[in-house]
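Novice: quick one, what's the 3D model for this:
(one chain, ligands or ions: 1)
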Amino acid sequence: MPDATSIESIMREQRQFPPPEGFVNHAHVRSLDQYRELHARSLADPDAFWAEIASGFHFFKKWDRVVEWNLPFAKWFVGGTTNVCFNCVDLQIQRGRGDHTALLWEGEPVDENGQPREIRRITYKQLLSDVSRFANALKQLGVKKGDRVTLYMPMVPELVVAMLACARIGAPHSVIFGGFSAPAIVDRVNDADSNVIITADGGFRRGQIVPLKAAVDEAATLTDRIKKVVVLKRCCNDVTMTPGRDVWFHDIVANASDQCPAEPLDSEHMLFLLYTSGSTGKPKGILHTTAGYMIYTAYTAKQVFDLKPDDIYWCTADIGWVTGHSYVVYGILQNGVTCVMYEGAPNFPAWDRFWATIARHKVTKFYTAPTAIRAFMKQGVEWPAKHDLTSLKLLGSVGEPINPEAWMWYHEYIGMGGCPIVDTWWQTETGGMLISPLPGATPTKPGSATLPLPGIDAAIVDKSGNVQPADGGGYLCIRKPWPGMLRGIYGDEERFRKQYWSEIPGAYFTGDGARRDADGYFWIMGRVDDVIKVSGHRLGTAEIESALVSHPAVAESAVVGFPDDLTGEAIAAFVTVKSGIPANDELKTQLLQHVVHAVGSIARPKSIRFTEALPKTRSGKIMRRLLRELATKGRVDGDTTTLEDFSSIARLREEEA
Ligand code: WT7
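Specialist: So this is what the prediction gives:
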């Protein structure tokens, strides 16, 4: 971990936007004072605060204690039993929302007029029936409470159905992003010891078919853990079905009953694992449990998106990432609103797909990522200008810092100057948003995630945990437990303690550097570890490095992130080749293909440089900091005193020139 004093923020954005007047009058929280009162109360007596919120949820058996906190282990709503699927679906029907549309889905393919070929509307009642049938089908396959089920699917309603069905019977799911390739599936299936995979023949992406089933077949040649594969027919591309192992989704639900009561589950029962990258090669299975995650995602969704019964809400994230788990599925359905879901790419068939979709369905709340906004900016304002975006009431951003320029563009051309923007800071580990404006209460500043949400005790500290003065940079940490927090890294308590609970005494270490200004606003500066954020997706350097090294020509490699206008960060790979092997463009092309095959296209390096040696410390650690400087500025000015062999950097510079 670098020294806190080395984190220096250069951003001094001055603009401020009060919550739009028309928005304030109807908002759940209507003034900064009201927010401050709520926040102060939540920290003064967290038990009372969370108990009151929890009273709005369905429990089969009420909990005895709000929280048991034994750093780093938290238990929330102790002694209670509940079911997240029940709260997402059955409870909404009990409240009279049964005929309301829960999912409003658009497939990617379009007809000759550019209109979507498929739009599906699924009511809460229909969702209950679909989920119950699939839950029964899973039981028929032998899936039992506690069994981990892997989901590797396109963005289709059946993915939501599968997640909810797992939650209903208490089988934790592990969703793997459809953009990952076979080896990534193997790592995750092995780590989770998961025997059942639910997938599809393929998924549509930018007019092409992503062959998901073929990737699962390849994975199954690399691990013997995969015993059952459920295949959804989506694209009707050719697949090979292995008898005894593979079954069709439509076949197993055909005769399944639509009656499947939700299983009462302990508040701390595992709800899901979601694998995410850290600074070592092995992806971490972030573990979330039932009641705390359920309440935290529903509460934050309601407050931050200011959800009302008639909202048509759209989050563009893929469910393969935590944003989709929390704010496409669990946090949203619990609010009984309509959730728009889109299968494909933002630029298919053209760069106005998002804006056309917003106009078509009269979307009121829209949540996307800075990398998407920057891509749209580049294409020009004529694309959104073609569509009626007046249904929009609120805009959200997530995944990486949003640069003020992109914030302003979003504000002016999508929000027409009248929508509050919620820049929401959080992580896979936090389960839900921790720092974000409340849209009717918090004046926003472009580029700042603003203030901690109720219940969240965020601080900027140095290595010893000392709070930094206003405008001083430091480490972002959280000093009190919150219901949505991760409960562990699956099967690795040691790593859990080390990664999150050992860096800052007594607090959760986020891994982000940040600054807090004189108004108490948080400005996130990005990761302080080796994690790279490409298009808002978190990638570990080690995973990409080991993919490179697994190529027979490569001796050693180091991978770093460097700033990129579009993707936030891009990947630069430094590679040394084995002796006698020509380091040429042909090898570069091969290596790019190799990484895409091993990790997925998301990990494709933007540049590959061959070098004779990598800069290392005397203890043999690669000095990525120097490589980052080189990739960013084309030179190295930083401290090189711990470098073992300075000539490696000198040579890299020569090779650069
Ligand atoms: C990391 C977590 C949050 C769900 C999607 C990503 C960065 C996230 C923001 C934001 C600045 C942000 C942080 C964080 N990040 N949101 N609004 N402003 N940075 O989840 O893959 O677990 O990544 O994303 O660096 O630590 P994730």
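Novice: show the contacting residues for residue 393.
Specialist: If you count contacts by CB atoms under 8 Å, 6 or more residues apart in numbering, residue 393 has them with 23, 364, 365, 419. All C-beta spots, glycine's among them, are computed from the backbone N, C-alpha and C.
Novice: my guess is the first one contacts residue 420. True?
Specialist: Yes. With contacts counted by CB atoms under 8 Å, residue 23 reaches residue 420, the gap being 5.8 Å.
Novice: quick revisit: any chance of the contacts of residue 393 in JSON lines, plus distance to residue 135?
Specialist: Output for the contacts of residue 393, formatted as JSON lines (distance: CB to CB, whole Å):
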{"residue": "23", "distance to residue 135": "40"}
{"residue": "364", "distance to residue 135": "31"}
{"residue": "365", "distance to residue 135": "30"}
{"residue": "419", "distance to residue 135": "38"}
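Novice: return the subset of those lying in strands.
Specialist: residue 365 (DSSP state E).
Novice: quick one: which of the contacts of residue 393 is most hemmed in?
Specialist: Among the contacts of residue 393, residue 365 has the most neighbours (other CB atoms under 10 Å), with 27 neighbours.
Novice: distance of residue 615 relative to the ligand?
Specialist: Remark: distance between residue 615 and the ligand (CB to the nearest ligand atom, to the nearest Å) = 25 Å.
Novice: near the ligand, which residues of the stretch 501-650 of the chain?
Specialist: Residues of the stretch 501-650 of the chain lying close to the ligand by CB under 6 Å from any ligand atom are 510, 511, 512, 524, 526, 527, 538.
Novice: go again using 5 Å as the cut-off
Specialist: Neighbours of the ligand within the stretch 501-650 of the chain, by CB under 5 Å from any ligand atom: 512, 524, 538.
Novice: do the chain as well
Specialist: 323, 399-401, 423, 425-428, 449, 512, 524, 538.
Novice: residue 522 reaches residue 451, doesn't it?
Specialist: Yes. Contact criterion CB under 8 Å: residue 522 and residue 451 qualify, at 7.2 Å.
Novice: neighbours of the closest residue to residue 401 other than its chain neighbours, how many?
Specialist: Spatially, and ignoring its direct neighbours in sequence, residue 401 is nearest to residue 524 (5.2 Å; CB to CB, 6 or more residues apart in numbering). By other CB under 10 Å, the residues close to residue 524 number 21.
Novice: mind listing what residue 524 touches?
Specialist: With CB under 8 Å, 6+ apart, residue 524 has these contacts: 401, 425, 435, 449, 476, 512, 513, 514.
Novice: with residue 480 instead?
Specialist: 43, 46, 455, 456, 457.
Novice: three-state assignment of it?
Specialist: coil (DSSP: H, G, I helix; E, B strand; the rest coil).
Novice: could you give the bridge partners of residue 203?
Specialist: Beta bridges link residue 203 to residue 210, judged by DSSP bridges.
Novice: tell me who's in contact with it.
Specialist: 153, 154, 155, 156, 178, 209, 210, 212, 234, 235, 343.
Novice: any idea how far it lies from residue 213?
Specialist: As defined by CB to CB, to the nearest Å, residue 203 lies at a distance of 10 Å from residue 213.
Novice: could you do residue 169 as well?
Specialist: The value you get for residue 169 to residue 213, if CB to CB is used, is 24 Å.
Novice: ok, now residue 236?
Specialist: 12 Å.
Novice: residue 547 now?
Specialist: From residue 547 to residue 213 the distance is 23 Å (CB to CB).
Novice: residue of the stretch 201-350 of the chain with the smallest distance to the ligand?
Specialist: The minimum distance from the stretch 201-350 of the chain to the ligand, using CB to the nearest ligand atom, falls at residue 323 (4.6 Å).
Novice: list the contacts of the strand or helix carrying that residue.
Specialist: Secondary structure from DSSP states H and E places residue 323 in helix 322-324. Residues from elsewhere that reach helix 322-324, judged by CB under 8 Å, 6+ apart: 175, 274, 276, 286, 315, 317-318, 367, 398-399, 427-428, 431.
Novice: list the buried residues in it.
Specialist: 322, 323, 324 (16 or more other CB atoms under 10 Å).
Novice: what is the subsequent helix or strand relative to it?
Specialist: helix 331-333.
Novice: I'd like the next helix or strand past that next one.
Specialist: According to DSSP H and E, the helix or strand after helix 331-333 is strand 338-342.
Novice: export the helix or strand just after that following strand to CSV, keeping only CA atoms.
Specialist: As assigned by DSSP H and E, the chain's next helix or strand after strand 338-342 is helix 353-361. Taking C-alpha atoms only, helix 353-361 is exported to CSV below (Å, rounded to 0.1, in the frame of the first residue of the first chain):
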residue,chain,number,x,y,z
ARG,A,353,-30.3,2.5,-28.9
PHE,A,354,-30.4,3.6,-25.3
TRP,A,355,-32.2,6.9,-26.1
ALA,A,356,-34.7,5.1,-28.3
THR,A,357,-35.3,2.6,-25.6
ILE,A,358,-35.8,5.4,-23.0
ALA,A,359,-38.3,7.1,-25.3
ARG,A,360,-40.1,3.8,-26.2
HIS,A,361,-40.8,2.8,-22.6
